[in-house]
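Asker: structure here, sequence nowhere to be found:
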């Protein structure tokens, strides 16, 4: 009885067309998957070690993030974690293994390199230092390096500086691609106005160069947050910096709403400056607050 039914099923599938059946099944699975993952589900909270994690060594940093259930970190250079360019191969391997053995993802490295200086030697030094960070990031198992644009200089046309920054980023984008590492341009310094960042990114058109939104006061100038957000959202990378999400000086609920609308799949990385007595508890509260904001943004749609 079973064999007869099976033969009939195979015959029917052949007549109806196997491709059509497969397509229908695939579409059904995709629809179920989409229904199970509302917009914003791929967003998570992480921590930039500047400033809450500045004095934690690597084991402490990982343990604290694990306790707070904040499972992503960006390691800023010069902090106590000690993940720096001077590390040898065995030390780099140990860092990579330490993260692999934990639920915490090493999302990236935060360099302090910038590409605005009109002095060619200074610019070259910054580019070469960034390449060292790229190699370090690869070796310790992260996926990108944060960099800065950063300033304008007296006597140098703004357009020339923008062009110089963009070209430097393209060079680094090509280099980073060889190591599987993104170049993440933080919206920072005198270049922090979003029309300026867009102009830089128009020059830096390598697909491996992305924008790291930084939640600055400049985001609100001109035509406002949504307009400025839309100028660069198509170039967003997987990291976005924020201060404390309850800070009323910045419209974080509106920002989270825009991220939910685009179904941002990345890390909202805390770069907090307050001094709570219990930073681990404070991180956990920020994680809860992000979840609340995401839920509220969905309800408003």
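Answerer: That came in fine, so what should we check first? Please read all numbers here as calculations on a predicted model, not as lab measurements.
Asker: where does this protein have low pLDDT?
Answerer: 1-35, 301 (pLDDT under 70).
Asker: centroid residue for it?
Answerer: For the chain, residue 239 is the residue whose C-alpha lies nearest the centre (C-alpha atoms, centre = their mean; 1.3 Å).
Asker: distance of residue 80 relative to residue 295?
Answerer: Remark: distance between residue 80 and residue 295 (C-beta to C-beta, to the nearest Å) = 35 Å. C-beta coordinates here come from the backbone N, C-alpha and C atoms, glycine included.
Asker: typo on my end, it should be residue 70
Answerer: 18 Å.
Asker: the domain parsing of the protein - what is it?
Answerer: The chain breaks down into these domains under automatic domain parsing: 1-36, 39-299.
Asker: check those for me and report the most buried one.
Answerer: Burial of those is given as mean neighbour count (mean count of other C-beta atoms under 10 Å); domain 39-299 ranks first at a mean of 18.
Asker: do me a favour and get the end-to-end distance for it?
Answerer: 11 Å (C-alpha to C-alpha, to the nearest Å).
Asker: check stretch 71-88 too.
Answerer: With C-alpha to C-alpha as the measure, stretch 71-88 spans 26 Å from end to end.
Asker: cool, stretch 85-92 as well?
Answerer: Per C-alpha to C-alpha, stretch 85-92 runs 9 Å from first to last residue.
Asker: ok now it, how far from the chain's centre?
Answerer: Relative to its chain's centre, stretch 85-92 lies at 24 Å (C-alpha atoms, centre = their mean, to the nearest Å).
Asker: and the helix or strand hosting residue 287, what does it pack against?
Answerer: Here residue 287, judged by DSSP states H and E, is contained in helix 279-299. Applying 3 or more C-beta pairs under 8 Å, 6 or more residues apart in numbering; DSSP states H and E, we find helix 279-299 packed against strand 44-48, helix 58-68, helix 252-261, strand 267-270.
Asker: could you redo the last one with a cut-off of 6 Å?
Answerer: helix 58-68, helix 252-261 (3 or more C-beta pairs under 6 Å, 6 or more residues apart in numbering; DSSP states H and E).
Asker: quick one: contacts of it?
Answerer: 38, 40, 45, 52, 64, 67-68, 70, 245, 253, 256-257, 260, 270, 276 (C-beta atoms under 6 Å, 6 or more residues apart in numbering).
Asker: same thing with stretch 220-227?
Answerer: Here stretch 220-227 has contacts from 219, 254, using C-beta under 6 Å, 6+ apart.
Asker: go again with 7 Å.
Answerer: Under the criterion C-beta atoms under 7 Å, 6 or more residues apart in numbering, residues 193, 219, 228, 251, 254-255, 258 lie in contact with stretch 220-227.
Asker: and of the residues you listed, the nearest to residue 212?
Answerer: Distance to residue 212 across these (C-beta to C-beta) is lowest for residue 219, with 12.9 Å.
Asker: sec struct for that closest one, please.
Answerer: helix (DSSP: H, G, I helix; E, B strand; the rest coil).
Asker: ok, it touching residue 228?
Answerer: Yes - Residue 219 is within contact range of residue 228, at 5.4 Å (criterion: C-beta atoms under 7 Å).
Asker: quick check: neighbours shared by those two?
Answerer: residue 194.
Asker: name the nearest residue to residue 149, ignoring sequence neighbours.
Answerer: Distances taken as C-beta to C-beta, 6 or more residues apart in numbering place residue 191 nearest to residue 149, at 3.6 Å, with adjacent residues excluded.
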